[in-house]
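Novice: Provided below for reference: sequence and predicted model.
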Amino acid sequence: MQAFRTLAALVAFAAGLQTAQAQTTQDWPNRPVRLIVPFAAGGSTDVAARLVGDYLSRTTGQQFYVENRAGANGVIGMDAAAKSDPDGYTVLITADAVASNPHVYKVAHDPLKDLVPVVQLSRQPVVLVAHPSLGVNTLAELVALVKKEPGLRYATGSGQGSLTVYRSSAVWAGSFGMSRGTGLPFTTRPRYFSTSPCACFVSKSPTTTTVALLGT
């Protein structure tokens, strides 16, 4: 199964935004533009935002800077973007969690009403990684090891409700011949809200072994 994370840019929406846009389109941007990334620095979303921001800064002559507002699988940063002034100077760079979060968390914004999609920036593959000490090179080898030695530590680079977590459940359920949502032979570690801290966790893990599903 091949899985991808979709990154997109969205801006805040409010009544009268189109009128304001018509008045300012010709001279936009005339001041710095904030790019809110609702995940920790160093993750795939953050890297994409910084690349886009650097390019726009060079081509427009105005600074496009990244502000990381991590927490609750992106809810904190998404809420900050949705509540910002709808003037085109705050842009949310986020993954597909913007669509799934309202079904899992209590959010103070409606992504369909409070945010306007601008452009899809990328589609990023989701990869399964393991500590080298585990000694596995394929999913089949990993499944065979876990069946033999249950309790392997497992982590994800996204929070509860993310499509990465959902896809991982589907992968494991299919691999172990179990219904999704039933107990799997893993010791689940706390979910990380970005690829970067999760990758650090895996790389620094002792020989007790760990695997993780990460967006790249």
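Specialist: Perfect, thanks for sending it.

Novice: For residue 64, give its distance to residue 97.
Specialist: 22 Å (C-beta to C-beta, to the nearest Å). In this view, the C-beta of every residue, glycine as well, is placed from N, C-alpha and C.

Novice: Then residue 71?
Specialist: 12 Å.

Novice: try residue 30
Specialist: 32 Å.

Novice: do residue 47 as well
Specialist: If you go by C-beta to C-beta, the gap between residue 47 and residue 97 works out to 17 Å.

Novice: So if I had to pick from those two, which one is more boxed in?
Specialist: With neighbours defined as other C-beta atoms under 10 Å, residue 47 and residue 97 compare such that residue 97 has more, 28 against 18.

Novice: can I assume that one is in contact with residue 76?
Specialist: No. Between residue 97 and residue 76 there is no contact under C-beta atoms under 8 Å: 11.8 Å.

Novice: which residues are in contact with both of the two?
Specialist: Taking C-beta atoms under 8 Å, 6 or more residues apart in numbering as the criterion, residue 97 and residue 76 both touch residue 38.

Novice: Domain map for the chain?
Specialist: 4-124, 125-215 (automatic domain parsing).

Novice: Check which helices and strands whatever helix or strand residue 51 lives in sits against.
Specialist: If you go by DSSP states H and E, residue 51 is part of helix 44-60. Under the contact criterion of 3 or more C-beta pairs under 8 Å, 6 or more residues apart in numbering; DSSP states H and E, helix 44-60 touches strand 4-12, strand 33-37, strand 64-68, strand 90-94, strand 115-130.

Novice: In it, which residues are buried?
Specialist: Using 16 or more other C-beta atoms under 10 Å as the test for burial, helix 44-60 gives 44-50, 52-53, 56-57.

Novice: Identify, from those, the entry nearest to residue 104.
Specialist: residue 45 (18.2 Å; C-beta to C-beta).

Novice: State the pLDDT value of that closest one.
Specialist: The model reports residue 45 with a pLDDT of 87.
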